[in-house]
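Chemist: Here is my input, please return the structure:
(chains A, B, C and D)
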There are 2 protein chains.
Amino acid sequence: MTTSLGTLELSALLSVARLGDDAYGLAVRQDLSERAGRDYSVGAIYTTLQRLEDKGLLASRASEPLPVRGGRSRRHFRLTGAGSRAIRDAERQTASMWDGVGTRIRVRPA
Amino acid sequence: MTTSLGTLELSALLSVARLGDDAYGLAVRQDLSERAGRDYSVGAIYTTLQRLEDKGLLASRASEPLPVRGGRSRRHFRLTGAGSRAIRDAERQTASMWDGVGTRIRVRPA
DNA sequence: CCCTATTTGTTCTACAAACTAGAGCTTATG
DNA sequence: CATAAGCTCTAGTTTGTAGAACAAATAGGG
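Modeler: Residues are numbered from 1 along each chain as shown, chains lettered A, B, ... in the order given. Below is the predicted model:
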């Protein structure tokens, strides 16, 4: 079952992995916007996170509100087992696609 | 102008880079199918290659027919300057997205 | 030789999935 | 009540996908 993620789907999945406990919508949006060098709309991010949850690669829970200006409850995401596996699969596939292209991206020898 | 390619678009672009003078529709299809571990339909490949040409990342020319069974003229693709640049951009972006995820994919130090 | 079966290669059509923007709603503090 | 942070919804565009149909070549038997 190789689901083959979209570009933004994989990016969002990786962002959640990277952000860990701090992974919620606007944080993912900021992380990806910085890395991609362009602004993602809020809609782009949330629909993508929702799709990943629908696919069972992410799970979400509501956080407690924070005692700061506008600090309402956040929807926190974490990787599921299937999500971690999807990342490993994507890693192999990405390496395979770049293989032989004369790029600097390489798979470190096991 | 960061066009941000789709998953299959980038894969096809990389395949053309890898195959060099041997880059034509069915060869790209076979190359990608092997690497992805699944079969792409002919339509998936050709429409993608056409879109990449429309975007100016690939150029194509017709080859001479080959003197073998079914050896009709092929449509050969090559990278344009913009295509090469797109690959370099994608490389940076891919590395950036994977950065900090605890994977084996790394950017070799310059 | 000439049909026609087979092989390789491409085009065309149509629909499904992913990407995207931004308005608008909600809930918190100042 | 104003402002800030966060999320949901809607709708349009772009990509991904399959497979039938078409085209052009050679093989081989009659």
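Chemist: for residue A:78, what are its contacts?
Modeler: A:16, A:23, A:58, A:59, A:60, A:61 (Cβ atoms under 8 Å, 6 or more residues apart in numbering or on different chains). Where C-beta positions appear, they are placed from N, C-alpha and C, glycine not excepted.
Chemist: quick one: it from residue B:98, how far?
Modeler: From residue A:78 over to residue B:98 the distance is 19 Å, taken as Cβ to Cβ, to the nearest Å.
Chemist: and residue A:9, how many neighbours does it have?
Modeler: 20 (other Cβ atoms under 10 Å in any protein chain shown).
Chemist: I'd guessed it sits against residue A:52; true?
Modeler: Yes - using Cβ atoms under 8 Å, residue A:9 is in contact with residue A:52, at 6.0 Å.
Chemist: Would you format the contacts of residue A:78 as CSV with pLDDT, distance to residue A:70 and secondary structure included?
Modeler: Converted to CSV, the contacts of residue A:78 look like this (pLDDT from 0 to 100; distance: Cβ to Cβ, whole Å; DSSP: H, G, I helix; E, B strand; the rest coil):
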residue, pLDDT, distance to residue A:70, secondary structure
A:16, 98, 23, helix
A:23, 98, 19, coil
A:58, 98, 24, strand
A:59, 98, 25, strand
A:60, 98, 20, strand
A:61, 97, 20, strand
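Chemist: for DNA strand C, what are the nearby residues on chain A?
Modeler: Applying Cβ under 7 Å from any atom of the strand, we find that chain A lies next to DNA strand C at A:3, A:5-9, A:39-44, A:46-48, A:51, A:65, A:67-73.
Chemist: average model confidence for stretch A:29-48?
Modeler: Stretch A:29-48 comes out with an average pLDDT of 97.
Chemist: Could you work out the end-to-end span of it for me?
Modeler: 11 Å (Cα to Cα, to the nearest Å).
Chemist: With stretch A:73-85 instead?
Modeler: Note: stretch A:73-85 ends 29 Å apart using Cα to Cα.
Chemist: packing partners for whichever strand or helix holds residue A:47?
Modeler: Per DSSP states H and E: residue A:47 is located in helix A:42-54. Where contact means 3 or more Cβ pairs under 8 Å, 6 or more residues apart in numbering or on different chains; DSSP states H and E, helix A:42-54 is packed against helix A:7-19, helix A:25-36, strand A:58-62, strand A:75-79.
Chemist: report the longest helix in chain A, please.
Modeler: When chain A is parsed with DSSP state H, its longest helix is helix A:81-98.
Chemist: gap between that one and the chain center?
Modeler: 13 Å (Cα atoms, centre = their mean, to the nearest Å).
Chemist: tell me which residues in it are buried?
Modeler: A:83, A:86, A:87, A:89, A:90, A:91, A:93, A:94, A:95, A:96, A:97, A:98 (16 or more other Cβ atoms under 10 Å in any protein chain shown).
Chemist: What of stretch A:63-83?
Modeler: So stretch A:63-83, judged by 16+ other Cβ under 10 Å, has buried residues A:74, A:76, A:77, A:79, A:80, A:83.
Chemist: Contacts only, for the fifth one.
Modeler: So that's residue A:80. Neighbours of residue A:80 in contact, by Cβ under 8 Å, 6+ apart: A:56, A:57, A:58, A:59.
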